[in-house]
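J.: Provide a 3D model corresponding to the input given below.
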Amino acid sequence: MNKVKSVLLLKLMLLLPMVITSDYSVHMKLKQQAVTSNVTTSVEKSTNGKTFGIIYPMTYPTYEMITMDATESAGKHNITLMVNAPDEANTEQQIRIMENMIKQNVDGIAISPVDATALTPVINKAQAAGIPVITFESDAPSSNRTAYVGADNYRTGRQFAMTTTRLLNNQGMILVENGLEEMHGLQQRLNGFVDYIRNETAIEILEVHYNQGNEDQAMTDMENMIDAHPHFNAIIGLDFVSVSASTLIWKAKGLKRHLIALGDSPTSENGLLNGQLSAVISQNEGVWGAKMIETLLLASEGLSVEELIDTGITELNQQVISPSKRDENESDGEYLSIFNFK
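T.: Below is the predicted model:
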């Protein structure tokens, strides 16, 4: 399935007017080298269209999925995309990337800010220059940004807690792994989770760690917590990076405890179907790309947009599976159930 998605992504990049100026991982750099000449030609042919920038906090497979969705939507409107991200989460690099997009006078920018406070001045600078800016995944509420696309992160944290409470029958000891400590959305998510667990349950939170967007650090954090608390009942991963790290640990150690992760992706779906994950809390990331393009297009035309575009929260687990997934995994005898929360 991943190979098929890679081929489709390459075809989209060849056919659609898209500029990629990112410091992506090695395999993404190889794709960029393969399409460099075609991209230049496409940009020259699309001078009547608009150019939007997308800035991620770091490079990660989930963001590649969002880029695919944004690319498909952009192609329908003759929009050129400039997609960029630091190799690792870095506020200063995000600021430099955004400053460069402002100098290039793009028609709109979507950014998931690593540090909302630090990014607020440059977001306001873009807005003052007539470039609409929207945030996604994590908001910068004190800035002059035009809109936020994504789910309510505090409610997402509460949903993690409610799912955890149900799976543990309202008792037990848990370990928590989170991403960037300075990221507004991730702090909201943790706050929602902790508030519910402490006020509504008998569950004990043993430790909380931040991996700062680094998968190796996430694995180290979780292995250390497991060693320190061998009788834990569940690990909760509140960020995208934790899901791949935790499933690798579950495979290596053969753990039978509960593991709850964030984000609907091939990694999380495989984790559910293979029994490593007990549940996945998704913010419906698959629609972010299209929502971002649609919102920027309206804003760049001077039209009003909703300030909060809520993509909702979905819980995935192993009870009922779609026909296509059942065909792919019928030997597993496991099922996927979907619950939507508004």
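J.: who's in contact with the residue nearest to Thr120 when sequence neighbours are not counted?
T.: Leaving out its chain neighbours, the residue that sits closest to Thr120 by Cβ to Cβ, 6 or more residues apart in numbering is Ser143, at 4.2 Å. The way it works is simple: take the backbone N, C-alpha and C, and place the C-beta from them, glycine included. Ser143 is in contact with 116, 119-120, 123-124, 127, 133, 135, counting by Cβ atoms under 8 Å, 6 or more residues apart in numbering.
J.: Show me which of the residues you listed are buried.
T.: Buried by 16 or more other Cβ atoms under 10 Å: 116, 119-120, 123-124, 127, 133, 135, out of the contacts of Ser143.
J.: mind checking pLDDT for Glu306?
T.: The model reports Glu306 with a pLDDT of 97.
J.: any low-confidence regions in the protein?
T.: Applying pLDDT under 70 to the chain picks out residues 1-48, 320-342.
J.: what's the farthest-apart pair in the buried ones among the contacts of Ser143?
T.: Spanning the widest gap among the buried ones among the contacts of Ser143 are Ala116 and Gln127, at 14.6 Å by Cβ to Cβ.
J.: Leu277 is in contact with Ser265, isn't it?
T.: No: the criterion here is Cβ atoms under 8 Å, and Leu277 misses it with Ser265 at 11.2 Å.
J.: Neighbour count: these two, which is higher?
T.: Set Leu277 next to Ser265 and count neighbours by other Cβ atoms under 10 Å: Leu277 wins out with 25 against 22.
J.: give the contact list for that one.
T.: Taking Cβ under 8 Å, 6+ apart, one finds 243, 247, 250, 259-261, 268, 271 in contact with Leu277.
J.: so of the residues you listed, which ones are in helices?
T.: Within those, residues falling in helices by DSSP state H are 243, 247, 250, 268, 271.
J.: so the closest residue to the fourth one other than its chain neighbours bridges to which residues?
T.: To tie it back to what came earlier, the one meant is Ser268. Closest residue in space to Ser268, ignoring its immediate chain neighbours: Val280 at 4.6 Å, by Cβ to Cβ, 6+ apart. Following DSSP bridges, Val280 is listed with bridge partners Ala261, Leu316.
J.: doesn't Val133 make contact with Met145?
T.: Careful, residue 145 is Arg; it's not Met. Yes: counting by Cβ under 8 Å, Val133 is a contact partner of Arg145 at 4.9 Å.
J.: Common neighbours of these two, please.
T.: Contact criterion Cβ under 8 Å, 6+ apart; residues shared by Arg145 and Val133: 123, 127.
J.: Roughly how far does Asn170 sit from Gly157?
T.: Asn170 sits 17 Å away from Gly157, going by Cβ to Cβ, to the nearest Å.
J.: before we move on, what about Arg166?
T.: Plainly put, Arg166 is 15 Å away from Gly157 if you go by Cβ to Cβ.
J.: Please identify which of these two sits among more neighbours.
T.: Taking other Cβ under 10 Å, Arg166 and Gly157 do not tie; Gly157 has more neighbours (27 against 12).
J.: what packs against the helix or strand that contains that one?
T.: Gly157 is part of helix 153-167 when elements are defined by DSSP states H and E. Under the contact definition 3 or more Cβ pairs under 8 Å, 6 or more residues apart in numbering; DSSP states H and E, helix 153-167 sits against helix 184-200, strand 234-237, strand 258-262, strand 279-282, strand 313-317.
J.: what about these, which gets the closest to Ala151?
T.: Nearest to Ala151, of all those, is strand 313-317, at 5.2 Å by Cβ to Cβ.
J.: And the contacts of Leu277, which of them are buried?
T.: The buried subset of the contacts of Leu277 - by 16+ other Cβ under 10 Å - is 243, 247, 250, 259-261, 268, 271.
J.: possible to save those residues as CSV with distance to Thr314?
T.: As requested, the buried ones among the contacts of Leu277 are exported to CSV (distance: Cβ to Cβ, whole Å):
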residue, distance to Thr314
Val243, 15
Thr247, 19
Trp250, 22
Leu259, 18
Ile260, 13
Ala261, 13
Ser268, 11
Gly271, 16
